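> prediction below, plus the sequence it came from.
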Amino acid sequence: MDKEKQKRILAMVMAGLIIGIAVFFYIQSRESDEIEEIKYTEFEKMAESGEIKEMEINFNDPTFTFKNSSGEEFKTDNPRSFNFKKFLLDNEIDVEEVGKKSVIVDMLMSLFMTLISVVVMVFLLRSVLNQSIASPNLNHKTENVVTRFSDIAGNEESKQDMMFLVKFLKEPKKYIDMGAKLPKGVILFGAPGTGKTLTARAIAGEAGVPFFNVSGSDFIEMYAGLGAKRVRTLFKEAKESAPCIVFIDEIDALGTNRGEQSHSEKDQTINALLAEMDGFNTTDGVIVMAATNRMEDLDKALIRPGRFDRHIAVELPEYRDRLNILKLHSSNKNMGDDVDLDALSKMTIGFSGAALEALINEATINAVNRGSKVVENEDIEEAHFKMLIKGNKKKDSDRTKKETELVAYHEGGHALMAKLITDNDIPKVTIIPSTSGVGGVTFNVPRRISLLSRQDLENEIMVLYSGRAAEEVLKGNRDEITTGASNDIERATELIKGYFNNYGMSEKYGMIKISSIKEGEYLEEAIEMSKRLYSKTLNLLEENRGKLDQIAGELLEKETIVEDDLDRIIFGEELEEV
Ligand code: ADP
Ligand code: ZN
């Protein structure tokens with residue numbers, strides 16, 4: 001909910017409170033009206049002089065009120081004496097006795113009044129709040145989604161993955177009749193601006209179904225209980241509009257690991273969401289999609305089977321995809337002949353689709369500011385430069401190029417070493433930045449009994465060291481090695497610690513859990529081991545320098561290479577001979 005609406009609700013709540021308080025004080029003041037209080041002796045005088053004709057009195061009350069003949073009202077102490085009534089009657093006053101009954105009626109009356117005002121207030125507040133719960137949903141619903149798959153460049157894999165959802169949404173009955181089970185929840189994960197929202201919207205567009213677009217953060221800026229209520233309202237509406245897509249952006253806002261700081265409003269909201277998802281069937285035709293760039297720390301309850309059990313990665317675009325995105329977003333602009341989108345694509349490693357779109361847009365603005373009708377290369381370069389600075393990247397493009405080369409050698413080194421000394425599969429090596437690091441090697445460790453031999457352990461450590469070692473091989477010195485290996489070092493250190501401390505693999509200490517005896521006892525030997533393995537890694541890379549150069553070269557050219565490329569480079573000739 002936006003700030004404006006929050007303010008409005010707050011104002012109305014305040015107004016309600018003020019009115020309530022005013023009513024309360026009004027009733028109070030009426031009860032203690034300015035009735036003049038007089039001494040009992042004065043009352044006696046008035047009674048005796050015949051100024052009082054009639055009276056209504058409860059003889060148990062501590063005070064009583066009366067009117068004189070000219071209608072003025074007075075109040076005085078009740079003597080509660082044995083012959084008080086006789087005194088009144090003697091002075092010819094008509095006495096009407098009101099007993100306890102009337103006190104009870106009084107109490108009931110005021111209770112009744114209070115109740116009515118409370119009910120009215122609650123009713124008022126509720127209608128105000130309900131309005132605010134219902135209206136954002138309506139705002140977020142789009143009936144005629146114009147987005148199509150053709151608006152997405154690249155992202156081929158996720159598009160393929162999504163095709164079946166489109167088919168289902170188009171003809172749910174066909175699938176339901178066959179008893180097909182479809183995912184209830186799909187999570188799209190990847191860096192910001194990679195087109196997750198775009199993809200979800202395109203599915204709705206292709207299928208021609210309504211699209212509900214909410215953000216996880218909408219639910220938590222809520223007053224107590226409202227997040228949960230809004231979830232229920234959202235799903236009620238969605239079911240009425242089925243088949244449809246409910247898209248929850250930034251789902252991590254409400255679904256990160258609970259416990260770390262227990263936030264009960266968040267929990268209520270997430271529980272409501274889970275209850276809704278557990279409660280409906282895919283046959284209802286509602287598909288819930290969610291987006292996050294922090295898949296690792298999503299609440300595990302969210303990704304359990306029957307909830308968000310389908311996870312699709314939306315990656316930062318590679319060179320070819322970047323080119324297509326650039327083409328797509330410049331297709332409706334007047335681009336000059338000197339604009340080289342291919343070259344631009346090569347210079348924009350790590351840019352998301354949204355960033356590339358922004359770049360083209362910025363360049364167009366530059367052209368307009370120049371008074372030109374054509375977007376020229378200078379506009380592009382200026383925009384590119386600006387975005388690099390904004391992203392805190394080095395403006396020196398030569399430096400950037402050197403850094404990319406270093407990353408290619410670092411990742412290439414990992415991949416080469418893993419291929420040479422382990423039987424791990426390596427489906428993918430990339431120099432495209434990920435959310436977790438600069439580049440990356442995807443290792444698929446083969447399924448085996450989870451026992452590592454001492455040799456395996458040393459090999460794993462060498463694979464971890466090979467990133468740094470490849471940097472050293474490239475630079476030929478140790479002055480230019482980088483901080484890029486910090487994660488590798490941390491993991492290697494854990495393995496070494498295990499080698500001495502958990503697995504009893506050290507010659508010197510044998511099968512003793514050293515740390516239980518004296519902390520840090522094996523430090524020297526651990527350092528020696530680390531040095532030995534590092535120099536072994538270095539030597540092996542030097543021996544295979546040609547292959548390393550080739551892997552890094554292809555990485556620089558294609559940014560991402562796959563296992564077949566690695567095999568061709570590393571084992572090429574041997575394979576041909578076979
Ligand atoms: P996310 O939801 O992953 O943060 P969005 O879907 O909001 O990213 O992307 C923002 C905008 O960036 C899109 O509306 C689109 O204009 C542009 N964009 C992102 N990825 C692509 C792509 N693959 N192809 C074309 N445009 C893209
Ligand atoms: Zn590394």
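Here it is on my side, so go on. Numbering: from 1, shown residues only. Ligands and ions are numbered 1, 2, ... in the order given.
> pull the contacting residues for Leu555.
By Cβ atoms under 8 Å, 6 or more residues apart in numbering, the contact set of Leu555 is Ala408, Glu411, Gly412, Val429, Thr430, Ile431, Ile561. No exception for glycine: its C-beta is placed from N, CA and C like everyone else's.
> buried ones in stretch 497-506?
Neighbour-count burial for stretch 497-506, counted by 16 or more other Cβ atoms under 10 Å, picks out Tyr499, Phe500, Asn501, Met505, Ser506.
> list the contacts of it.
Residues from elsewhere that reach stretch 497-506, judged by Cβ under 8 Å, 6+ apart: 454, 457, 509-515, 522, 525-526, 529.
> what strand or helix carries Thr65?
In this structure, Thr65 sits in strand 63-67 according to DSSP states H and E.
> contacts only, for the residue of the stretch 301-450 of the chain found nearest ligand 1.
Nearest residue of the stretch 301-450 of the chain to ligand 1: Gly353, at 2.1 Å (Cβ to the nearest ligand atom). Contacts for Gly353 (Cβ under 8 Å, 6+ apart) come out as Ala153, Gly154, Gly193, Thr194, Gly195, Leu198, Pro317, Ile325.
> how about a cut-off of 7 Å?
Applying Cβ atoms under 7 Å, 6 or more residues apart in numbering, we find Gly353 in contact with Gly193, Thr194, Gly195, Pro317, Ile325.
> just to revisit the earlier point, pairing partners for the strand holding Thr65, with directions?
strand 73-77 (antiparallel) (DSSP bridges).
> number of residues surrounding Ala291?
Ala291 has 25 neighbours, counted by other Cβ atoms under 10 Å.
> what is it paired to in the beta sheet?
Bridge pairing for Ala291 (DSSP bridges) gives the partners Leu188.
> which other helices and strands does the host helix or strand of Ile527 contact?
Ile527 belongs to helix 523-543 when assigned by DSSP H and E. Here helix 523-543 is seen to pack against helix 397-421, helix 454-475, helix 486-501 when contacts are counted using 3 or more Cβ pairs under 7 Å, 6 or more residues apart in numbering; DSSP states H and E.
> neighbouring contacts of that helix?
Contact partners of helix 523-543, identified using Cβ under 7 Å, 6+ apart, comprise 413, 417, 420, 458, 461-462, 465-466, 469-470, 472-473, 496, 500, 506, 508, 548.
> selecting buried members of the contacts of stretch 497-506 in PyMOL, what would you type?
Buried residues among the contacts of stretch 497-506 (16+ other Cβ under 10 Å), as a PyMOL selection:
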select buried, resi 457+509+514+522+525+526+529
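> of the contacts of Leu555, closest to Phe66?
Thr430 (96.9 Å; Cβ to Cβ).
> need the pLDDT of the closest residue to ligand 1 within the stretch 151-300 of the chain.
Across the stretch 151-300 of the chain, the shortest distance to ligand 1 (Cβ to the nearest ligand atom) belongs to Gly195, at 2.8 Å. Here, the pLDDT recorded for Gly195 equals 93.
> pretty sure it contacts Asn155?
Yes. Using Cβ atoms under 7 Å, Gly195 is in contact with Asn155, at 5.7 Å.
> residues shared between the contacts of the two?
The contact sets of Gly195 and Asn155 overlap at Val314 (Cβ under 7 Å, 6+ apart).
> burial count for the residue in the stretch 51-200 of the chain that ligand 2 sits nearest to?
As assessed by Cβ to the ion, ligand 2 sits closest to Ala191 within the stretch 51-200 of the chain, at 19.4 Å. Neighbourhood size, Ala191 [other Cβ under 10 Å]: 19.
> that one and Ala313, how far apart?
10 Å (Cβ to Cβ, to the nearest Å).
> equivalent analysis for Ile421, please.
Noted for Ile421: a distance of 29 Å to Ala313, by Cβ to Cβ.
> could you do Ala275 as well?
28 Å.
> can you name the residues of the stretch 401-550 of the chain that neighbour ligand 2?
Contacts of the stretch 401-550 of the chain with ligand 2, taken as Cβ under 5 Å from the ion, map to Gly467, Asp488.
> who's in contact with whichever residue of the stretch 401-550 of the chain sits closest to ligand 2?
Nearest residue of the stretch 401-550 of the chain to ligand 2, counting by Cβ to the ion: Gly467, 3.1 Å away. Neighbour list for Gly467: His410, Gly413, His414, Gly484, Ala485, Asp488 [criterion: Cβ under 7 Å, 6+ apart].
> now these as a markdown table including pLDDT?
Shown next, in a markdown table, are those (pLDDT from 0 to 100):
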| residue | pLDDT |
| --- | --- |
| His410 | 94 |
| Gly413 | 96 |
| His414 | 95 |
| Gly484 | 86 |
| Ala485 | 90 |
| Asp488 | 92 |
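> of these - the most surrounded one?
Neighbour-wise, these (other Cβ under 10 Å) top out at Gly413, 30 neighbours.
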